[in-house]
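Participant: Got a sequence here, can you build the structure:
(chains A and B)
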2 protein chains.
Amino acid sequence: MLPNKKHHPSALNEKPGISPPEIISAVAVGHIQQFRKIQPSAKELVEGILAGNITVLSRAITLVESTNVSHLTKANEVINACLPYANKSVRIGITGVPGVGKSTFIEAFGKYLTGLGKKVAVLAVDPSSTISHGSILGDKTRMEELVKDKNAFIRPSASGETLGGVARKTRETITLCEAAGFDTIIIETVGVGQSETAVHSMVDFFLLLKISGAGDELQGIKRGIMEMADAIVINKADGDNIKKANLAKLEFNRALHLFPAKKSGWTPTTAACSAITHEGIPDVWETIQKFLELTKGNTYFFEKRKEQNQYWMLETINEQLKTNFYNHPEIQKSLEQNKKAVQNDEISPFAAAQKLLNLYQDSKKSP
Amino acid sequence: MLPNKKHHPSALNEKPGISPPEIISAVAVGHIQQFRKIQPSAKELVEGILAGNITVLSRAITLVESTNVSHLTKANEVINACLPYANKSVRIGITGVPGVGKSTFIEAFGKYLTGLGKKVAVLAVDPSSTISHGSILGDKTRMEELVKDKNAFIRPSASGETLGGVARKTRETITLCEAAGFDTIIIETVGVGQSETAVHSMVDFFLLLKISGAGDELQGIKRGIMEMADAIVINKADGDNIKKANLAKLEFNRALHLFPAKKSGWTPTTAACSAITHEGIPDVWETIQKFLELTKGNTYFFEKRKEQNQYWMLETINEQLKTNFYNHPEIQKSLEQNKKAVQNDEISPFAAAQKLLNLYQDSKKSP
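Facilitator: Sure, this is the predicted structure:
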């Protein structure tokens, strides 16, 4: 509030604001404001995360998502310190085109899980969020029950220039959430380009959400997505839709059998459910339990996680090499004109690439 | 031949070899031997290629395939000089699992094309060739008619550590072949990992070769391959197989209609043919002609080539960035131990990546 300039009447004067309601503790507000002002150390962040403090967890995720290079070391320090406390969760990927009711499904499924005593974190990988400012989970009001649940944590997709960057940040956020005690991680994505592949590489179980349509259910299914699915769940199986949903279930079941057997030893399942009546929601969780039992028994679960870790190390390297290159001022100056020359067949794609690479290398040598 | 040591009898003595048959011109042999000894300049290579000299073309391809860094500049020089004479061909990708008869199909199809007066180059992308020393086209005797045809040029897959490297070399070889006057480029690949995607990104038309099996034809089709196909051709439609092949054709035709419409405006076709009876071979060419007519008419053909050029520039950069990194002595020393630490959850994938990237950056700064 501005100082009350009562001796100088002016239209710019402000009236005193409304006092905060009694329910908000002045002490707590003071703590939060102080916490926001200071930059907590890596140690403080880790302690807060391990204590399950959601404010600190959010702070740490913001640090991880930061594109400020100076934050990188601290972010890695926090993640590394969290690592021994992570990995004790089940990670579930959920995909489906807009309109299948991902948010309502996750809300119903998440509430069911917190009802079982689970702690549920909902994250997202949405490479389009740079443009749309978070089309997935951006509007938390679509999960208004889950967002109020103290055993649930909802975080919209990181934004970034590349899918690789967005995916890496979500992958790091998983570790932080697990260390904060979340035992069920749900990662939502939408069928944009390769985002399903990225999510598939960070989850234990991959669920494809569909709705029954008019006629051919297989129409327009994206490359490889059915092949990645451990389960296909037909949502909106309620009211007049029940019969159609069950037919769709049969059709998908038939289609799934066309794919070769999975390395996990798991036979993908199909099911119908309603996020409104909650019919079929418990069965989805039961299916995941069966999957975990099988794949932990045959060690596939653990092997896959090891492979995923290695994959993420290499992915991070490859991603960073590209970021360093394309963000270099010399490259940014010359990339577009080389692209044009290549398009117009004035220079071969390989010679243009070599030219840019030489430019980059030379600029690194000079101080 | 070793000098004849007639005064010192020994079991190691060699008998004089058999004289070359008269048909081989001593003058030509002399020229070839001399040519092999000297390193022709970029200018000499380009002149030879533009004159359609196959020996020089092969030499230039070997230069392009060389992993010797000192050859890179010269290779780029040759490719760039060939560029204005390239691009005037149709590029056809052919894939199919081992056993579908790719070699016999390409032999029959290639002979049909040279019979029409075409000049046909057959290349391959086979990332497994590093281990198997060229499983595709390695055995040229499988195309014994085509290999003798003076209007055909057959070159086995380049070998390399990565698919990206192998694909890049094939992509460069296309330019050289086109400059040498080949108007039809056939690129063969086998369903190994992502090799189809790589081939798809360098061709105008993508043909999936299949055979009719017992029962379900769609079984085991790899992710996305059907979606990439502009035509599915059922090979070995001869003898007792004709009926089965026609049934398979119908089944594939139905499956193709499940995919969304293509940007090219082309509706993928299915056909049956026999590489033995040559039944259906001319129809494959006619289909390709129709495709070209449509996509040149709606300019998709030209747009796609521009996009492909740009893609290859970026791919070459990304590939080279990785090669430079992973081949660096410091990285080679530390990569494995970091991989293990990541697998055993001793360090996060991201921190390990950062450690390696810092190591790399520091080693570049020091002289």
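Participant: Return the residues in contact with A:Leu123.
Facilitator: A:155, A:157, A:170, A:173-174, A:177, A:185-188 (Cβ atoms under 8 Å, 6 or more residues apart in numbering or on different chains). All C-beta spots, glycine's among them, are computed from the backbone N, C-alpha and C.
Participant: In helices, which of those residues fall?
Facilitator: Using DSSP state H, the members of the contacts of A:Leu123 that fall in helices are A:170, A:173-174, A:177.
Participant: Can you dump the C-alpha atoms of whichever strand or helix holds A:Asn80 in CSV for me?
Facilitator: Taking DSSP states H and E as the criterion, A:Asn80 maps to helix A:72-82. Coordinates of each C-alpha in helix A:72-82 appear next as CSV, following Å, rounded to 0.1, in the frame of the first residue of the first chain:
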residue,chain,number,x,y,z
LEU,A,72,21.7,-25.7,-13.8
THR,A,73,24.3,-26.7,-11.2
LYS,A,74,22.0,-26.1,-8.3
ALA,A,75,19.2,-28.0,-10.0
ASN,A,76,21.5,-31.0,-10.6
GLU,A,77,22.6,-30.8,-7.0
VAL,A,78,19.0,-31.0,-5.7
ILE,A,79,18.1,-33.8,-8.1
ASN,A,80,21.1,-35.8,-7.1
ALA,A,81,20.4,-35.4,-3.4
CYS,A,82,16.8,-36.5,-4.0
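Participant: Work out the gap between it and the centre of the chain.
Facilitator: How far helix A:72-82 lies from its chain's middle: 19 Å, per Cα atoms, centre = their mean, to the nearest Å.
Participant: Packing partners of it?
Facilitator: helix A:42-50, helix A:54-65, helix A:163-179, helix B:349-365 (3 or more Cβ pairs under 8 Å, 6 or more residues apart in numbering or on different chains; DSSP states H and E).
Participant: Pick the most buried one from the ones you listed.
Facilitator: Stretch with highest mean neighbour count among the helices and strands packed on helix A:72-82: helix A:163-179 (a mean of 24; mean count of other Cβ atoms under 10 Å in any protein chain shown).
Participant: relative to helix A:42-50, how tilted is that one?
Facilitator: Helix A:163-179 runs at 70 degrees relative to helix A:42-50, counting by axes from the mean of the first three to the mean of the last three Cα atoms, to 10 degrees.
Participant: Show me the domain layout of chain A.
Facilitator: What automatic domain parsing lists as the domains of chain A is A:28-79, A:86-297, A:328-365.
Participant: So which of those domains has the densest surroundings on average?
Facilitator: domain A:86-297 (a mean of 19).
Participant: end-to-end on that one?
Facilitator: 21 Å (Cα to Cα, to the nearest Å).
Participant: What are the buried residues along stretch A:302-309?
Facilitator: A:304-305, A:308-309 (16 or more other Cβ atoms under 10 Å in any protein chain shown).
Participant: I'd like those laid out as CSV, including pLDDT and secondary structure.
Facilitator: Shown next, in CSV, are the buried residues of stretch A:302-309 (pLDDT from 0 to 100; DSSP: H, G, I helix; E, B strand; the rest coil):
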residue, pLDDT, secondary structure
A:Lys304, 94, helix
A:Arg305, 93, helix
A:Gln308, 92, helix
A:Asn309, 91, helix
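Participant: just the residues you listed now: which is nearest A:Thr95?
Facilitator: Closest approach between these and A:Thr95, by Cβ to Cβ: A:Gln308, at 17.2 Å.
Participant: which residues of chain A fall in strands?
Facilitator: A:90-95, A:120-125, A:152-154, A:184-189, A:205-211, A:231-235, A:269-272 (DSSP state E).
Participant: for the longest one, packing partners?
Facilitator: Contacts of strand A:205-211 with other secondary structure elements, assessed using 3+ Cβ pairs under 8 Å, 6+ apart, are made with strand A:90-95, helix A:225-228, strand A:231-235, helix A:242-256, helix A:281-297.
Participant: And these: which comes nearest chain B?
Facilitator: helix A:225-228 (5.1 Å; Cβ to the nearest Cβ).
Participant: about what we covered before: among the helices and strands packed on helix A:72-82, which comes closest to B:Ser41?
Facilitator: Closest approach to B:Ser41 among the helices and strands packed on helix A:72-82 (Cβ to Cβ): helix B:349-365, 32.6 Å.
Participant: quick one: contacts of that closest one?
Facilitator: Counting by Cβ under 8 Å, 6+ apart, A:72-73, A:76, A:79-80, A:168, A:171-172, A:309-314, A:316-317, A:320-321, A:364-365, B:325, B:328, B:330-331, B:334-335, B:338-339, B:341-342, B:347 sit against helix B:349-365.
Participant: mind running it again at 7 Å?
Facilitator: Contact partners of helix B:349-365, identified using Cβ atoms under 7 Å, 6 or more residues apart in numbering or on different chains, comprise A:72, A:76, A:79-80, A:172, A:309, A:312-313, A:316-317, A:320, A:364, B:325, B:328, B:330-331, B:334-335, B:338, B:341-342.
Participant: now stretch A:66-84
Facilitator: Applying Cβ under 7 Å, 6+ apart, the contact partners of stretch A:66-84 are A:42, A:45-46, A:49, A:60, A:63-64, A:172, A:175-176, A:179, B:345, B:347-348, B:350-351, B:354.
Participant: first vs last residue of it, how far apart are they?
Facilitator: 23 Å.
Participant: ok so, going back, with distance to chain B as extra columns, can I get the helices and strands packed on strand A:205-211 in CSV?
Facilitator: As requested, the helices and strands packed on strand A:205-211 are arranged in CSV below (distance: least, Cβ to the nearest Cβ, whole Å):
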stretch, distance to chain B
strand A:90-95, 14
helix A:225-228, 5
strand A:231-235, 15
helix A:242-256, 9
helix A:281-297, 16
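Participant: rank those by pLDDT, which is bottom?
Facilitator: Note on the helices and strands packed on strand A:205-211: helix A:225-228 shows the lowest mean pLDDT, a mean of 80.
Participant: Can you name every helix or strand that it contacts?
Facilitator: helix A:195-200, strand A:205-211 (3 or more Cβ pairs under 7 Å, 6 or more residues apart in numbering or on different chains; DSSP states H and E).
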